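Enquirer: 3D model of this:
(one chain, ligands or ions: 2)
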Amino acid sequence: MSEDRTRVETILTTAGAILRAGPICDECLGRAFARLGHGFANAERGQALRTILAMQGTSGKPGTCWVCDGLFDRVDDWAQRALTLAEGIEFDSYLFGVRLTPRLKQAEKLFSERFKTETAEPLKHAFNREVGKAFEALAGHGTVDLTHPHLSFIIDPERDEIGVSILSLYMYGRYRKLVRGIPQTRWPCRKCGGAGCEQCSFTGKQYPESVEELIAPLFLAGADGTEAHLHGAGREDIDARMLGSGRPFVLEIVSPKKRQIDPTALAEATNAASAGKVEVGPLRFVARETVALVKETHAEKTYRAMVSFSDAVERQALADVVASLVGVIEQRTPRRVAHRRADLVRSRRLIDAEATWLSSQKAELVLHTEGGLYVKELVSGDAGRTVPSLSGQLGVPAVVAELDVVDVAADSFPDVADLKIDPGVA
Ligand SMILES: [Zn+2]
Ligand SMILES: [Zn+2]
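Expert: Ligands and ions are numbered 1, 2, ... in the order given. Prediction:
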């Protein structure tokens, strides 16, 4: 009993000291004791303390709260402005953040140090939550989400500004590229760097279309976003097809106003529109983290390569050399990519290889490789930069005439069904 009495006295003593120190609002008074009692708002705690203290003869000072400078008085106003910003945007979750001015930070520091309690809630935390509650009440739906909010509001009281950013929409799937000559993503014109020039017919692009540009438009329009990015699990050469079950990718739609889109229907429409060039498999909503997962996984690949020889090669010699290549291949960064990749030597495994001799100057190879092995250089030797190589071992110049990726190892990637679904999306 006496312990309880001491606690109550401590609370009242601290609250009394806060009241006497300067004008203070109920929110700031209450949040010094935020962790006392369940189901109360800080303003209610503050009001109750103020009432009791007034009954004891201690009353507060009039004026604007010296700690928050009246920040809490404008909670409803900020919530209303947030609602205006959110107009026409589909969302299930939100998060508020406030940019405290140096003056507010200083006042809050002083306040929490001078009236140290074990039960206080920081100003930022209390304000963000209160605006959130008011926003939710006005909007009539939505819940706070600390990690993947659909809408993130930032309030800047000093500049009297509020901004919102919309969580991108992420969809995981696989694509097949059925034709050669298309890069995976938009490729800026080499001459003008994307500004537009005569050489690129003022498109700013090196290639008229890309896998990204063939897949993205209907999703971008459906979600009413601002831009779309295709994040691939690696990329095939522009002149290589991507066959088999396709290459995993995540399609990101930036700033989508709509989240309730039907990826299956959009994939079907996309396949109809891009028929003969690109196909996408079933798409599913995933969380942002899947982008890193897909980009960082170095999946094993299987290639089919049509190879041409400059001199005649015997059937048996081809079979022997191809069998001998299975194992570790040392590759110095190929000359064709040296301008954009660090020059170093990598060891990659050729896991399995099969050769079909078609003529003395032509063969078909099926190569199962560790992720990151350069197949064209494995065949040509790249002027001695890849060792061993088909050309080097045969003693005959050899080049890849046609290349297809026929498999990107499915077991390197989580089953689509296992991927975390973007919370709040049906
Ligand atoms: Zn205050
Ligand atoms: Zn150009």
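Enquirer: pretty sure Asp239 contacts Val179?
Expert: No: using CB atoms under 8 Å, Asp239 is not in contact with Val179, being 10.0 Å away. The way it works is simple: take the backbone N, C-alpha and C, and place the C-beta from them, glycine included.
Enquirer: Neighbour count: these two, which is higher?
Expert: Asp239 (14 against 10; other CB atoms under 10 Å).
Enquirer: Need the pLDDT of that one.
Expert: At Asp239 the predicted local confidence, pLDDT, stands at 94.
Enquirer: remind me which residues of the stretch 51-200 of the chain are low pLDDT?
Expert: Scanning the stretch 51-200 of the chain for pLDDT under 70 picks out no residues.
Enquirer: Up against ligand 1, what does it have?
Expert: By the rule CB under 5 Å from the ion, the part of the stretch 51-200 of the chain lying against ligand 1 is 65, 67-68.
Enquirer: so which of those is the most crowded?
Expert: With neighbours taken as other CB under 10 Å, the top of those is Val67, carrying 27 neighbours.
Enquirer: beta partners for the spatially closest residue to Ala233 that is not a sequence neighbour?
Expert: Leaving aside its sequence neighbours, Ala233 sits nearest to Pro248 (CB to CB, 6 or more residues apart in numbering; 4.3 Å). Note on Pro248: beta-bridge partners by DSSP bridges are Arg174.
Enquirer: my guess is Pro248 contacts Leu293, does it?
Expert: No: applying CB under 8 Å, one finds Pro248 not in contact with Leu293, separated by 9.4 Å.
Enquirer: Of those two, give the one with the bigger neighbour count.
Expert: Taking other CB under 10 Å, Pro248 and Leu293 do not tie; Pro248 has more neighbours (27 against 19).
Enquirer: And the helices in the stretch 251-400 of the chain?
Expert: Under the criterion DSSP state H, counting those that start in this stretch, the stretch 251-400 of the chain contains helices at 263-273, 289-296, 315-325, 375-380, 390-394.
Enquirer: roughly how far out does the third one sit from the chain middle?
Expert: Right, the one you point to is helix 315-325. Helix 315-325 has its average C-alpha position 45 Å from the chain's average C-alpha position, going by CA atoms, centre = their mean, to the nearest Å.
Enquirer: list the helices and strands that helix packs on?
Expert: strand 345-359, helix 390-394 (3 or more CB pairs under 8 Å, 6 or more residues apart in numbering; DSSP states H and E).
Enquirer: mind running it again at 10 Å?
Expert: Judged by 3 or more CB pairs under 10 Å, 6 or more residues apart in numbering; DSSP states H and E, helix 315-325 is in contact with strand 301-309, strand 345-359, strand 362-369, helix 390-394.
Enquirer: wait, which of these is closest to Thr117?
Expert: strand 345-359 (58.9 Å; CB to CB).
Enquirer: got the buried residues for that closest one?
Expert: Residues 348-350, 353, 355, 357 are the ones in strand 345-359 that count as buried (16 or more other CB atoms under 10 Å).
Enquirer: who does that strand touch, helix- and strand-wise?
Expert: Using 3+ CB pairs under 10 Å, 6+ apart, strand 345-359 is in contact with strand 301-309, helix 315-325, strand 327-332, strand 362-369, helix 375-380, strand 386-387.
Enquirer: by how many degrees do the third one and strand 362-369 diverge?
Expert: Between the direction of strand 327-332 and that of strand 362-369, the angle (axes from the mean of the first three to the mean of the last three CA atoms, to 10 degrees) works out to 100 degrees.
Enquirer: May I have the strands that pair with strand 327-332, each with its orientation?
Expert: Its sheet considered, strand 327-332 pairs with strand 345-359 (antiparallel), strand 386-387 (antiparallel) by DSSP bridges.
Enquirer: can I get those in a markdown table with distance to ligand 1?
Expert: Listed next are the strands paired with strand 327-332 as a markdown table, based on distance: least, CB to the ion, whole Å:
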| stretch | distance to ligand 1 |
| --- | --- |
| strand 345-359 | 60 |
| strand 386-387 | 69 |
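Enquirer: got those strands as a markdown table, with mean pLDDT and distance to Glu90 columns?
Expert: Below are the strands paired with strand 327-332 laid out as a markdown table (pLDDT from 0 to 100; distance: least, CB to CB, whole Å):
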| stretch | mean pLDDT | distance to Glu90 |
| --- | --- | --- |
| strand 345-359 | 97 | 45 |
| strand 386-387 | 97 | 51 |
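Enquirer: Now Pro157: closest residue in space that isn't a chain neighbour?
Expert: Leu71 (6.0 Å).
Enquirer: got a list of contacts for the longest helix along the chain?
Expert: Looking across the chain with DSSP state H, the single longest helix is helix 2-21. Contact partners of helix 2-21, identified using CB atoms under 10 Å, 6 or more residues apart in numbering, comprise 24, 28-30, 32-33, 36, 45-46, 48-50, 52-54, 56-61, 66-67, 110-111, 114-117, 119.
Enquirer: helix, strand or coil for Ile52?
Expert: With DSSP: H, G, I helix; E, B strand; the rest coil as the basis, Ile52 sits in helix.
Enquirer: For the nearest residue to it once chain neighbours are set aside, grab the count of nearby residues.
Expert: Nearest residue to Ile52, sequence neighbours excluded (CB to CB, 6+ apart): Leu12, at 6.8 Å. Leu12 has 15 neighbours, counted by other CB under 10 Å.
Enquirer: For Leu12, give its distance to ligand 1.
Expert: Look at Leu12 and ligand 1: by CB to the ion, to the nearest Å, they are 19 Å apart.
Enquirer: what do you get for Arg180?
Expert: Taking CB to the ion, one finds Arg180 at 66 Å from ligand 1.
Enquirer: Then Asp262?
Expert: For Asp262 relative to ligand 1 (CB to the ion), the value is 47 Å.
Enquirer: thought that residue was touching Glu268?
Expert: Yes: Asp262 lies in contact with Glu268 (CB atoms under 10 Å); the separation is 9.4 Å.
Enquirer: returning to that earlier point: can you tell which of the helices and strands packed on helix 315-325 is closest to ligand 2?
Expert: Nearest to ligand 2, of all the helices and strands packed on helix 315-325, is strand 301-309, at 32.0 Å by CB to the ion.
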